[in-house]
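Visitor: Next one to model:
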Amino acid sequence: MQTLQPLNVKTVELPPLSPTQEVAYQQLLGKLQQYNLCGLGVNYGHGRSFMLKRLALQTGGQLLRLADFFDEIQTFHPLAIEEGIAATLHKALKAHDLVIVDDFHHVCNMVESCYGKARPGVLIAALDGILRWLEQSGKRLVLSSQHGHYVDPLNEFVQKVNLIEFTAEDHAFLFNVLSHGRLKNIDFERVYVFAPHLNAIQMAYACQLLPAEGTFDTPFLIQFLETYALFSNVDTSEVDPMDFSDLYGVEEVIRQLEIDIIVPMERDDLAKDLGIRAKRGVLLYGPPGTGKTSIGRALAHRLHSKFFLLDGTVISGTDQFYHKVSQIFEAAKHNAPSILFIDDCDVLFENQDEFGLYRYLLTMLDGLESRSNTQVTVMFTAMNIGSLPPALIRSGRVELWLEMKLPNATARQAMLQSLITGSVLQLKAGELSHLAELTYDCSGADLKRIVADARNLHGFDVAKEQSVRAPFEYFAQAIEQLRANRERLAAAPAFTAAHNPAAALNPGVVLAQMGAMEEFKFEIG
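Guide: Below you'll find the model as predicted:
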């Protein structure tokens, strides 16, 4: 084994690093003085390539990129990718005392993703040869990766330096450099509270889009970042406009959401100064049509890039589901503080077509409970809380329980008034309140259906040139039709059992699922 010679680090005029980058870089230089195999684990967009270029310039080391491996591998047989990787490293180490590999995780992925790993273990053997050659030659090798993990057998021997997240000081430094000093008056502590997981690529993109003229304050930058740097998986342009003021009879629920979710997320200044935070788990439960999904629609429009949706539309086959769910969870964590809205979770967990769905979702939810992910709020909606798995609603996972009830007479009258406004079916004085009384057992979705059915009945009479009745009669007939449909469904236990065995024990579950036909369903962007 050859003795490791001191590493010569030259003084070169280079752009400065951010505070956290500088700490990681100095740690790497320190380890390189003592060890011949080191690793730099830096998350995407946090300056990994920038730091490695700096290292190459200061030490005279050879920097290898993914393209360098690809060029060498092309001279090998398609089933000999492992030999190509080893040859690239060996050739560089023969010519240089220090070799620096950028994106080493992508290099290894070239093997993982090809031919179903036709030769399992060959890459390990090839890299073991590189490891032994390093020990004998006294050369140095630096590998970089996305998450600070390196393929075996190297992972056990790599001296690791990791840079996982930026701090508020990094935000201030990078924004001012990237904006050429145009953001000096910003309170970056507040910006960091609003978007702690911003990476340098997002910052650079936002700075490129800044208006050419004018001065910028903290509220402007936060709004600007929400619009241009952060993204939800819900395209609000595809979501029907919905505001909390459009919802009737749920004022107390909305007030509680304002207290425990919206204000902590929107008022980053208060979050910083007063230490307020959003609840980590919220359950909206109640009969179908009571506005649970409408609450989600309103939140999507209110919070924009801070809102992420997981519902039945995501489940499109086992080969797609897990990847989509993982992407949604990761996006919610990256845009934290944020809301992950899991709609109809009781139906999702009863799904029999996706093996392991329940366990997988619980695993992902457990990941959100780690210390680094405390700023993601998970909001569930459910029609039947009795069917929810105990592990889902165990103590601590759900901090806020909000019951969505059928609207009272006052709320029903307000809903009907809103739905009828502008219609040719106008009611006389006193008829609206009477109609509200007749719909005593109806949800908001039921009321929408009643108004729509009344219009259709009226339209049919007009089309057939039949005698047009008084508007109230059409509404009364629509109510009768709704109740008749309910009775037919309730009298069909065989249908219920065949389509949902769990609901056969509780017909209300099927009534709930089928009665929510007017509920909004999001489009996944």
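
Visitor: For Val23, what is the enclosing helix or strand?
Guide: helix 19-32 (DSSP states H and E).

Visitor: Show me what counts as buried in that helix.
Guide: Residues of helix 19-32 classed as buried: 19-21, 24-25, 27-29, 31-32 (neighbour count, 16 or more other Cβ atoms under 10 Å). Yep, even glycine has a C-beta here, placed from its N, CA and C like the rest.

Visitor: Let me see the contact set for the nearest residue to Ser467 once chain neighbours are set aside.
Guide: Leaving out its chain neighbours, the residue that sits closest to Ser467 by Cβ to Cβ, 6 or more residues apart in numbering is Asp461, at 7.0 Å. Residues in contact with Asp461 (Cβ atoms under 8 Å, 6 or more residues apart in numbering) are 467-469.

Visitor: mind putting these in JSON lines, pLDDT and secondary structure included?
Guide: Listed next are the contacts of Asp461 as JSON lines, based on pLDDT from 0 to 100; DSSP: H, G, I helix; E, B strand; the rest coil:
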{"residue": "Ser467", "pLDDT": "91", "secondary structure": "coil"}
{"residue": "Val468", "pLDDT": "91", "secondary structure": "coil"}
{"residue": "Arg469", "pLDDT": "94", "secondary structure": "coil"}
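
Visitor: Point me to the helix or strand that includes the residue nearest to Ser467.
Guide: Going by DSSP H and E, Asp461 is in helix 444-463.

Visitor: Give me the helices and strands touching the next helix or strand after that helix, please.
Guide: Per DSSP H and E, the first helix or strand lying C-terminal to helix 444-463 is helix 471-490. Helix 471-490 sits against helix 431-438, helix 444-463, helix 507-515, with contacts defined as 3 or more Cβ pairs under 8 Å, 6 or more residues apart in numbering; DSSP states H and E.

Visitor: Sort out which residues of the longest one are buried, please.
Guide: Spelled out, that is helix 444-463. Across helix 444-463, burial judged by 16+ other Cβ under 10 Å covers 444-451, 453-455, 457-458.

Visitor: what about the closest residue in space to Arg267 that isn't next to it in sequence, which SS state?
Guide: Once flanking residues are discounted, Arg267 sits nearest to Ile276: 7.7 Å by Cβ to Cβ, 6+ apart. With DSSP: H, G, I helix; E, B strand; the rest coil as the basis, Ile276 sits in coil.

Visitor: Wait, Ile276 touches Val263, no?
Guide: Yes - using Cβ atoms under 8 Å, Ile276 makes contact with Val263 at a distance of 7.1 Å.

Visitor: Give me the common contacts of those two.
Guide: Leu270.

Visitor: Please name the nearest non-neighbouring residue to Ala195.
Guide: Leu225 (5.7 Å).

Visitor: And the helices in the stretch 251-400 of the chain, which stretches?
Guide: 251-257, 263-266, 268-274, 292-303, 318-334, 345-349, 357-367 (DSSP state H, counting those that start in this stretch).

Visitor: Just say which of these is most tucked in.
Guide: For those, the largest average neighbour count (mean count of other Cβ atoms under 10 Å) is found in helix 292-303, namely a mean of 23.

Visitor: what's the angle from it to helix 444-463?
Guide: Going by axes from the mean of the first three to the mean of the last three Cα atoms, to 10 degrees, helix 292-303 is angled at 100 degrees with respect to helix 444-463.

Visitor: I'd like the average pLDDT over helix 292-303.
Guide: Regarding helix 292-303, the rounded mean pLDDT is 84.

Visitor: and which of the buried residues of helix 19-32 is nearest to Ile420?
Guide: Thr20 (59.4 Å; Cβ to Cβ).

Visitor: contacting residues around the closest one?
Guide: 163, 165-167, 169-170.

Visitor: how about a cut-off of 6 Å?
Guide: Shown in contact with Thr20 (Cβ atoms under 6 Å, 6 or more residues apart in numbering): 166-167, 170.

Visitor: What of Thr227?
Guide: If you count contacts by Cβ under 6 Å, 6+ apart, then Thr227 has nothing around it.

Visitor: circling back: out of the helices and strands packed on helix 471-490, which gets nearest to Arg182?
Guide: Among the helices and strands packed on helix 471-490, helix 444-463 sits nearest to Arg182 (Cβ to Cβ), with 48.1 Å.

Visitor: hang on, the earlier thing: which one of the contacts of Thr20 sits closest to Glu156?
Guide: Phe166 (29.1 Å).

Visitor: Tell me, how many residues neighbour that closest one?
Guide: 26 (other Cβ atoms under 10 Å).

Visitor: Please apply the same query to Thr381.
Guide: Residues contacting Thr381 under the criterion other Cβ under 10 Å number 26.

Visitor: Tell me, what's the model's pLDDT at it?
Guide: 89.

Visitor: Leaving out chain neighbours, which residue sits closest to it?
Guide: Lys292 (4.0 Å).

Visitor: quick one: pLDDT of Ile315?
Guide: 62.

Visitor: Need phi/psi at Ala92.
Guide: Backbone torsions of Ala92, given as degrees, to the nearest 10, read phi -70, psi -40.

Visitor: Use 715 as the first number for this chain going forward.
Guide: Happy to do that; since the first residue is 715 now, the last one works out to Ala806.

Visitor: Might one say that it is in contact with Val815?
Guide: No - with contacts counted by Cβ atoms under 6 Å, Ala806 stays clear of Val815, the gap being 8.6 Å.

Visitor: Need the residues touching each of these two.
Guide: With Cβ under 6 Å, 6+ apart as the test, Ala806 and Val815 both reach Leu778.

Visitor: Look at those two and report which has more neighbours.
Guide: Val815 (25 against 21).

Visitor: Give me the below-cutoff pLDDT ranges for the stretch 765-914 of the chain.
Guide: For the stretch 765-914 of the chain, the stretches flagged by pLDDT under 70 are 826-835, 862, 866.

Visitor: just the strands in it please.
Guide: 776-778, 812-815, 854-859, 873-877 (DSSP state E, counting those that start in this stretch).

Visitor: I'd like those strands written out as CSV, with distance to Asn757 added.
Guide: Converted to CSV, these look like this (distance: least, Cβ to Cβ, whole Å):
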stretch, distance to Asn757
strand 776-778, 20
strand 812-815, 17
strand 854-859, 10
strand 873-877, 7
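
Visitor: which one of the ones you listed lies closest to Asn1199?
Guide: Among the strands of the stretch 765-914 of the chain, strand 854-859 sits nearest to Asn1199 (Cβ to Cβ), with 58.7 Å.

Visitor: The closest one pairs with which strands, and in what direction?
Guide: strand 751-756 (parallel), strand 812-815 (parallel) (DSSP bridges).

Visitor: what separates it from the chain centre, distance-wise?
Guide: 31 Å (Cα atoms, centre = their mean, to the nearest Å).

Visitor: Same question for stretch 758-770.
Guide: 27 Å.

Visitor: In it, which residues are buried?
Guide: So stretch 758-770, judged by 16+ other Cβ under 10 Å, has buried residues 759-762, 764-766, 768-770.

Visitor: again with stretch 717-724
Guide: 718, 721.

Visitor: End to end on it, go ahead and measure it.
Guide: By Cα to Cα, to the nearest Å, the extent of stretch 717-724 from end to end equals 21 Å.

Visitor: ok, and what's touching it?
Guide: Residues contacting stretch 717-724 (Cβ under 6 Å, 6+ apart): 746-747, 750, 772-773, 852.

Visitor: Which two of the residues you listed have the greatest separation?
Guide: Gln772 and Gly852 (19.7 Å).

Visitor: neighbour-wise, which of those two wins?
Guide: Gln772 (17 against 13).

Visitor: which ones are touching that one?
Guide: So Gln772 contacts 723-724, 726 (Cβ under 6 Å, 6+ apart).

Visitor: Ala1123 too?
Guide: Counting by Cβ under 6 Å, 6+ apart, Ala1123 makes contact with Ala1150.

Visitor: That one and Gly963: what is the separation?
Guide: Distance of Ala1123 to Gly963, computed by Cβ to Cβ, to the nearest Å: 10 Å.
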